[in-house]
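Q: missing the sequence, but the structure's below:
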Ligand code: 6PG
């Protein structure tokens, strides 16, 4: 079941459960990959961490989807990372490696991991910003334009590692930041809003009843981006799509939608 809604805060596709949400997202990933590889010869993606996208990444590694993607031309970056070594249980890279990278023929040089194991998170951010600049051959102040940015939604309204009330929400020049997140007692590495909002396609994946309250606040509540950073996700010249399951959408006042 998929219900498509259009709101002032983006298009919403409501799927029956996490599995269908992940399948729909995998199909969209394949379509976008083929579109960008055909058009420009590569498909550049910033991956989300957390648990929600694990099912999507697992599906992308399954024959049904894996065999329809030209992995030689796919470049994978991360939207954010915990400041831990790549083999650490908390590492977003480790999760993606386990379920996807170890199962698809993507060249190692196409995997652009955040150097989150570095002692100094600020230096790690500078290093990743330099790597992004080189890859996208950036000149001047134009942020890089990812073909696709995948994001999750935290129960506190954060996306990537843009947490409520943190200074990184105001960062408009840097591409990568290393915010200290008080509530986590830890630093994170994260792409900044100028990068996220410059993407051609942004897909937010939200699943589960635990996200119903925050999803309603973000999509239908008062505009208060310092408390709800997800409300700052507004693509400059791109497409924003919320892919959510019924449980996460259960508090939404469903407008007129078309059921496909
Ligand atoms: C991370 C993510 C983070 C995540 C949300 C939702 O590093 O944890 O980038 O932004 O997307 O916290 O996490 P879940 O998918 O686990 O609910």
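A: Perfect, I can see it now. This is a predicted model, so every value here is computed, not measured. Numbers count the residues shown, from 1 in each chain.

Q: who's whichever residue of the stretch 101-250 of the chain sits closest to the ligand bridged to?
A: Closest approach between the stretch 101-250 of the chain and the ligand, counting by CB to the nearest ligand atom: residue 152, at 2.4 Å. For the C-beta atoms, the positions are set from N, CA and C on the backbone; glycine is no exception. For residue 152, the beta-bridge assignment (DSSP bridges) gives partners residue 205.

Q: Flag every residue of the stretch 1-150 of the chain that's near the ligand.
A: 48-52, 80, 92 (CB under 6 Å from any ligand atom).

Q: Pull out the buried residues from the residues you listed.
A: The neighbour-count test (16 or more other CB atoms under 10 Å) marks 48-50, 52, 80, 92 as buried among those.

Q: and these, which two are the farthest apart?
A: Longest distance between any two of those is 13.6 Å, between 52 and 80; criterion CB to CB.

Q: how about the helices of the stretch 101-250 of the chain, start to end?
A: Counting by DSSP state H, counting those that start in this stretch, the stretch 101-250 of the chain has helices at residues 121-135, 193-196, 212-220.

Q: Next, format those as TSV and append mean neighbour count.
A: Output for these, formatted as TSV (neighbours: other CB atoms under 10 Å):
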stretch	mean neighbour count
helix 121-135	17
helix 193-196	23
helix 212-220	19
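
Q: Let me have those helices in a markdown table, extended by distance to residue 233 and mean pLDDT.
A: Rendered in a markdown table, the data for the helices of the stretch 101-250 of the chain read as follows (distance: least, CB to CB, whole Å; pLDDT from 0 to 100):
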| stretch | distance to residue 233 | mean pLDDT |
| --- | --- | --- |
| helix 121-135 | 19 | 98 |
| helix 193-196 | 6 | 98 |
| helix 212-220 | 9 | 97 |
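
Q: Turn these into JSON lines, columns for distance to residue 60.
A: Conversion of the helices of the stretch 101-250 of the chain to JSON lines gives the following (distance: least, CB to CB, whole Å):
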{"stretch": "helix 121-135", "distance to residue 60": "21"}
{"stretch": "helix 193-196", "distance to residue 60": "21"}
{"stretch": "helix 212-220", "distance to residue 60": "24"}
